[in-house]
Structures are given as structure tokens and as C-alpha cells.
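Enquirer: turn this into a model:
(one chain, ligands or ions: 2)
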Amino acid sequence: MQTFSASLRDAGISAELANTLNALAIAGKDINFRLQQGSIGGVLGSAGNENVQGETQKKLDVISNDLLKEILLGCGSVRAIASEEEDSYVAGPDSGQYLVNFDPLDGSSNIDINAMVGTIFSIYPFNGGELSEQSFLQKGRDQVAAGYILYGPSTMLVLSTGNGVQMYTLDPAIGEFVLTVEQVSIDADTKEFAINMSNQRFWAEPMQQYITDLLQGSEGPRGKNFNMRWVAAMVGDVHRVLCRGGLFTYPWDNREPGKAGKLRLMYEANPMSLLIEQAGGESWTDKERILDIQPTAIHQRVPVILGSASEVKNCLKYHGIDG
Ligand code: F6P
Ligand code: MN
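Expert: Numbering: from 1, shown residues only. Ligands and ions are numbered 1, 2, ... in the order given. Below is the predicted model:
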């Protein structure tokens, strides 16, 4: 079986990008070790402070963020990082050619209940000039690589460098990720959706109507029964969609009308959109293709509707988009 680093050598990518991806894999193995220690490692629970977005940080959010930051900025190929857990970007060596955005531990409310969490990453070229927040504000379609490390019953690294989507599984016997799925492909049709139903009354009318029609099953306009799943970690829900199709959405809602959505464009929506599109799916807000959005701030939020191509298009029709 091919190891992660060996498969990167065959991937036709630069040595610096391979070096960056290997650094991410090393950080992922370290985070995985700490997660597996759980209570024994004394790493569960709150860190007692808030991040820039006003969310309470877990100890493991902080530990994962620090590990990724240290390993990436020390690998020599990364000019700067931006993280969901940092107020601003953090600079690395001048020689670095890449910018890495990451959500160090997605789904962190799952940590203390020993459920699925993951590290999401997104890599852009550093296009030279003076480093600033502006350097990061590139469209999702300009990512040179994106993926996640999923800490579940087994630990997996899922990656796209623009040539489809590959899945690797951590083999604890050798301490390496090995290639287990060469090309991921999402079926266009599905009977499964993922949404936090408790927010139903806050959604805009088109999403209310779409979900109402799904729930009517074989007696409703869709003429078939749908199943629902919600991991409460985007990384887990997107992984399920990549494995067996489905529609995942975290829509806009009116709890805080000024907020564009819950999920972050740079750390969550863009990397997942690249993976979904590379596997044949679709990924949109309620107005536009996510990979086409011109970002205006590193911590920007967006509504997300992604997954099986035909089902995403069905949902978009309710929003007046005919694709
Ligand atoms: O990072 C935000 C996040 O944890 C996602 O991973 C997940 O999809 C979502 O929030 C869960 O939100 P809620 O707690 O509202 O179900
Ligand atoms: Mn997250």
C-alpha cells in the first residue's frame, strides 16, 4: 500500500507543496495522539477563554492550533498561516511559498463526548509583495490544495490537489497514512440530508419550504422518503457526503440577522467546496458558487449548501437559482 508521502511524490506537485502537506500530516498525527489520550492526557474541557469570534475555546482547540502553527511555520515552505483560533494571520519565513488557512479542530463541541472531530486545511500560493491580510483574500477556486484530517474510529486524511479526491487511513502499526481510496466520486442523487433542524423557525422561507418538502417523503412533491443525519461537526458530515452522497447545509438564519451564516469561508466552506466539486458534487451559498466568492475578510462567514449535484440543484431552485 502506498504511503501518503510516497503518493505525494507521484502527484505532480511542487516539493514545497509536498513538504507543506507532509507537515500537516505530522501535525495531524500529533493531534490524533492527544485526542486518543482523552481524559488521561488532561486535555479535555474548556481553556477558559474566547476566540476572536466570541466562541469559548476548548483546551484541545488551543493545543491543536499551537501544534499546527508551530509545525507549519517551521517547515520552511509556509509564508504565513491564518486560523479560526487566531485574531489575525501569523507570519513565517520569507522563503515560504504558501499560505495555509485552517480550522484546527472542527466540531469541538464533540471533543468532550468522544465523538468525531477534524482538522480542516486550505492552501493558497503566496503571490509575493508585502504580506498582509490582503494576501489571504483569494477565491476558493485558487486553492492549490485542500483537505481535512478526520479523527474518528479510524483517523483519515482526505486531500485534493486539484486532481480528484484521495483518502488515506492512518495505519497505527506503522504510524503512516496509507492510500485507501484512489478517487472519490459522489452520486448525483441522494435520499439523505444534514441540517440542524432545531433552527427551522429561523431559516429563510426558501429553505423552510425545501426541507418541508423533503420531510413529506413519498407522499410529498419529491415522491421519495429522505433520511436525516447530523454529526454536529462539518468535517464528519462532509465525510459522510463524500462516502455515500447526501446534501449538507448550514443555511443563513435570522437569529443574528447581521451574520452571514455560521460556517467560515476560509477555514471551512472553501476547502470543503474544493473537495466536493473535485468529487463531482456542487457547493453553493443560497446565491452563488462558493469557490467563486471574492473574500473580504479572513474570518468571513457564509451560508453553505453542498453535496450530491442533483440534490443541491433541487435546493437551489427553491432559492430562485436554476443551474
Ligand atoms: O465549526 C462550526 C461547527 O462546529 C461545524 O463543524 C458544525 O457543522 C456546526 O458548527 C454545528 O453547529 P450546531 O452546533 O449549530 O449544530
Ligand atoms: Mn469548525
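
Enquirer: in the longest helix along the chain, what's buried?
Expert: If each helix of the chain is counted by residues according to DSSP state H, the longest one is helix 15-37. For helix 15-37, a neighbour-count test (16 or more other Cβ atoms under 10 Å) marks 16-25, 27-32, 34-35 as buried. Every C-beta, even on glycine, is put in place using the N, C-alpha and C of the backbone.

Enquirer: next: stretch 57-76.
Expert: Under 16+ other Cβ under 10 Å, the buried positions of stretch 57-76 are 57-65, 67-69, 71-73, 75.

Enquirer: got the contact list for Ile186?
Expert: The contact partners of Ile186, by Cβ atoms under 8 Å, 6 or more residues apart in numbering, come to Val241, Leu242, Gly245, Ile276, Ala279, Gly280, Gly281, Gly307, Ser308, Ala309.

Enquirer: after the longest helix of the chain, next one along is what?
Expert: strand 46-50 (DSSP states H and E).

Enquirer: ok, Ala145 - contacts?
Expert: Ile13, Leu17, Thr20, Leu21, Ser122, Ile123, Leu159, Ser160, Thr161, Gly162.

Enquirer: give me the pLDDT value at it.
Expert: pLDDT recorded at Ala145 is 98.

Enquirer: elements contacting the longest helix of the chain?
Expert: helix 4-9, helix 59-74, strand 98-106, strand 117-125, strand 145-151, strand 155-160 (3 or more Cβ pairs under 8 Å, 6 or more residues apart in numbering; DSSP states H and E).

Enquirer: closest to ligand 1 out of these?
Expert: In terms of Cβ to the nearest ligand atom, the element of those nearest to ligand 1 is strand 98-106, at 4.6 Å.

Enquirer: so which elements touch that closest one?
Expert: helix 15-37, helix 59-74, strand 78-83, strand 117-125, helix 133-136.

Enquirer: residues from this protein in reach of ligand 1?
Expert: The chain has residues Asp106, Gly107, Asn196, Ala232, Ala233, Met234, Tyr250, Lys262 near ligand 1, with proximity defined as Cβ under 6 Å from any ligand atom.

Enquirer: let's see that with 5 Å instead.
Expert: Contacts of the chain with ligand 1, taken as Cβ under 5 Å from any ligand atom, map to Asp106, Gly107, Asn196, Ala232, Ala233, Met234.
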